[in-house]
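In: need a structure here:
(chains A and B)
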Amino acid sequence: MSVKSIFISGVGGQGTILAGKVITTALVNQGYDVKMSEVHGMAQRGGSVITQIRYGDRVYSPLIEKGGADVLLAFEKLEAVRYIEYLSSEGTLIVNDLEMPPASVLTGKEEYPPDIVPRLKSEIKNTIVVDAVSIARECGEVRAQNMVLVGVLARVMDWSKQSFIKVIKDVVPARYVQLNINAFERGWELGG
Amino acid sequence: MKKVFLTGNEAIARGAYEYGVTFASAYPGTPSTEILENIAKYSEIYSEWAPNEKVALEATAGASMAGARAIVSMKHVGLNVAADPLFTLAYTGVNGGLVIVSADDPGMHSSQNEQDNRNFAPFAKIPMLEPSDSQEAKDLVGEALKISEMFDTPVLFRTTTRVSHSRSVVQIGERQEAGIKPYVKNPEKFSMIPGFARKRRLILKERLKALEEYSEKFPYNRVEWGKSYDVGIITSGISYQYVKEVFGDEVSVLKLTMTFPLPKKMIAAFVEQVKEVYVVEELDPYLENQIRAMGLKVRGKELIPEIGELSAEILREALKGDKVTPAFKPYTSVPPRPPVLCPGCPHRGVFYVLKKMKAVVTSDIGCYSLGVLPPLESIDSILCMGASISMGHGFKKACEINGKDATVVTVIGDSTFLHSGITSLMDAVYNRSNTINIIVDNCITAMTGHQHHPGTGYNIKEEPAAAVSLEAVCRAIGVENVLVVDSYDLKAVEDAVKKALEYKEGPSVIIARRVCALLKGKGPKGLYSISEEKCRKCRMCLRLGCPAIQVRGDGIFINPISCVGCSVCVQVCPFGAIEKAGDE
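Out: Below is the predicted model:
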């Protein structure tokens, strides 16, 4: 199998690292060669964060090239625009319909770009917009938004649903397992 | 054989476990921190956080001298701190295997410079290994320990961010106990007075010769012949992965893993068999310069950047002329999202007070470095661990001797103060500086992800430990004016600074204490909101740069999800418009 690339972008603290862990554990369990690169340290303090995942028969570089991502999974709208160059021409954009203004916008020095979603939709034919925050809230906890988005991604990539549910049981603390499975399944429904 | 999915750092820890290490030490620093954090999970290995990298290396050297296999890890700039023992350890050699991990940060994801620590190997005259993925990271710990014991030398183990923080599949094995080697007193080997050191210097030269022969046969230095002999690429570390990504087996590759001493015969033979040779390496022309010095014709940095990280994309463009044109481009300018001080961060109020004072502020390495960015913009300088206090001292003295007046405030964190701020403060006391030195004490090493240090009262295993008292240390080294305040109490912080300004008998220390807001269960509790009625839109609260306070349209709001209830904004609002809205 040729190498597939998933580019995840978000804001430090949104749970992108746990999302990456669940996705890659499931892929490793399915026997793929997998590489993942993530950013630690200073950038995690509310900064823009990315996780890059590549899998296939044999993977060399842990980094995705511009125009090389099969999916860009953006946990926040501005972080979708920031990394849009990484999406391949036939790739799918999954974007969380969430606005988290950066410091310069919070203090009124810059404007949060308006109309992000309609513009992305008009440019990229495979765009899936997900209100992961509302869905996660319905599941009982806003922080489960990451698992909603992982559910959408898993369906888009045609991954085995059961293998993800097994991984969630393995890596998520016991009392949050059902919440995360519910969130994952809600996302799965949206990805179809 | 079991397969697991590990970061390079987790793999190094696994290697330490499998190959019989029994002693490990480190000072946290990105991208090296998780090495010791993961080693600490193995009960077979004694592990400890040291106050700084020099101490960590010296303790590890002692463990090795006693006969134990030992490993020490640090970020690239940490090796500068540990350079003093490093260069002489090369002379003494080891007893139990000794591995020194240097995790470099090309591109400066979380560092103040991007020095290429491969240069330390020839400088200190010690062998070096460079893994290019997690499997190698694990396996090479075993090779490094073997080389260390076989040649009686410390071994430099050099990784980079993309090796340390990338995950890949690793086949793991069982632990092989190495036990402890007998220790025999041997001052001519371990006590470096000039007479003994001169003899060891000759041994060092012979050792390097033997290591060079070993490098020729070292199986991880290998040629991967491609379909063509027209192009050959010499590479090491993460760059190897980018080369394979771009060229696959189109070209022939000499993958170097022991990158000091270099296998010169192997390199010369490779260069002879291919038509054109490129050296692909991140940062400095480290390999290239040595290969050129052998009289061989290669191309490298004339084509490949020496600044920042490499990637497959950069190589594709530099060596194949293929420029990627992405299908999609951002349709608008995207506001940057730099890291910020967290909601409830205790450092925020201190910088807010300092900004009002218009003092010269020399600062240090830690979360509080973010006080340099808008809107706080309170910091004049950040250089290296511990420099705040000593630079402030020098600045103040230079002004005084030249008849200039300056208010100089230094800002340093608790972990950084214990790392290398104490000697600086001694300088200020001993040489009578009138600086104001603020220790922003959040009771943890925060930036690297909450590691304990000698002041927290716990060790790496979360067991209770002796706690250094910052105020007692300051008083003991001769600071008479020591003030302790709550970082969340802006008036108390301001009053303390005013008091310190009046004090002219030497340096003052203000310990601004409040636990890191991200520490589970220890941060503040509560929620505040802005009364639309009382708010006059003066925007004073926005000067704090708290991510929870947001402008939306005409109004200013507090985001209830982000607010942790530190109440600092309440104290800056001149109209009393910020009110308590909850207890959680």
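
In: spatially central residue in chain A, please.
Out: residue A:73 (3.7 Å; Cα atoms, centre = their mean).

In: what element comes up after the helix or strand hosting residue A:95 heading to the C-terminus?
Out: Secondary structure from DSSP states H and E places residue A:95 in strand A:87-96. Later in the chain than strand A:87-96, the nearest helix or strand by DSSP H and E is helix A:103-106.

In: tell me how far that following helix lies from the chain's centre.
Out: On the basis of Cα atoms, centre = their mean, to the nearest Å, helix A:103-106 sits 24 Å off its chain's mean C-alpha point.

In: what's in contact with that helix?
Out: Here helix A:103-106 makes contact (Cβ atoms under 8 Å, 6 or more residues apart in numbering or on different chains) with A:110-112, B:335-338, B:340, B:373-375, B:542, B:545, B:547, B:549-551. Every C-beta, even on glycine, is put in place using the N, C-alpha and C of the backbone.

In: next one: stretch B:232-239
Out: B:130-132, B:158-160, B:162-163, B:243, B:247, B:251-257, B:259, B:267, B:270-271, B:273-282, B:287, B:291, B:298, B:310.

In: check which residues of that stretch are buried.
Out: For stretch B:232-239, the buried set under the neighbour-count rule, 16 or more other Cβ atoms under 10 Å in any protein chain shown, comprises B:232-239.

In: and for stretch B:305-321?
Out: Buried-residue list, stretch B:305-321, by 16+ other Cβ under 10 Å: B:306, B:309-319.

In: what do you get for stretch B:112-124?
Out: B:114-118, B:120-122, B:124.

In: can you give me the helices in the stretch 301-450 of chain B?
Out: B:312-315, B:347-357, B:387-401, B:414-416, B:422-430 (DSSP state H, counting those that start in this stretch).

In: quick one: which of those is nearest residue B:139?
Out: Smallest distance to residue B:139 across the helices of the stretch 301-450 of chain B (Cβ to Cβ): 24.1 Å, for helix B:312-315.

In: elements contacting that closest one?
Out: helix B:238-247 (3 or more Cβ pairs under 8 Å, 6 or more residues apart in numbering or on different chains; DSSP states H and E).

In: which is the next helix or strand following the lowest-mean-pLDDT helix or strand in chain A?
Out: One helix or strand of chain A scores below all others by mean pLDDT, DSSP states H and E: helix A:103-106, with a mean of 84. Where DSSP H and E defines the elements, the next helix or strand beyond helix A:103-106 is helix A:116-123.

In: excluding its backbone neighbours, what's nearest residue B:129?
Out: For residue B:129, ignoring the flanking residues on the chain, the nearest one in space by Cβ to Cβ, 6 or more residues apart in numbering or on different chains is residue B:140 at 4.9 Å.

In: just say helix, strand or coil for the one you found.
Out: helix (DSSP: H, G, I helix; E, B strand; the rest coil).

In: on that earlier part again, any residue of the strand holding residue A:95 up close to chain B?
Out: Yes. Contact of strand A:87-96 with chain B (Cβ under 8 Å from any Cβ of the partner chain) involves A:87-89, A:91.

In: buried ones in that strand?
Out: A:87-88, A:91-96.

In: report the separation between the two terminal residues of stretch B:87-105.
Out: Start and end residues of stretch B:87-105 are separated by 22 Å (Cα to Cα, to the nearest Å).

In: again with stretch A:123-130
Out: Stretch A:123-130: ends 17 Å apart by Cα to Cα.

In: just the residues contacting it, thanks.
Out: By Cβ under 8 Å, 6+ apart, stretch A:123-130 touches A:84, A:87, A:90-97, A:117, A:120-121, A:148-149, A:152, A:156, A:187, A:190-191, B:328, B:331.

In: so where's the longest helix in chain B?
Out: As assigned by DSSP state H, the longest helix anywhere in chain B is helix B:194-217.

In: state the mean pLDDT of that one.
Out: Mean pLDDT, helix B:194-217: 98.

In: and the contacts of it?
Out: With Cβ under 8 Å, 6+ apart, helix B:194-217 has contacts from B:88, B:90-93, B:125, B:127, B:147, B:150-153, B:187-189, B:192, B:221, B:258, B:261-266.

In: do that again at 6 Å, thanks
Out: The list of residues contacting helix B:194-217 from outside it, by Cβ atoms under 6 Å, 6 or more residues apart in numbering or on different chains, reads B:91, B:125, B:127, B:151, B:188, B:258, B:261, B:263, B:265-266.
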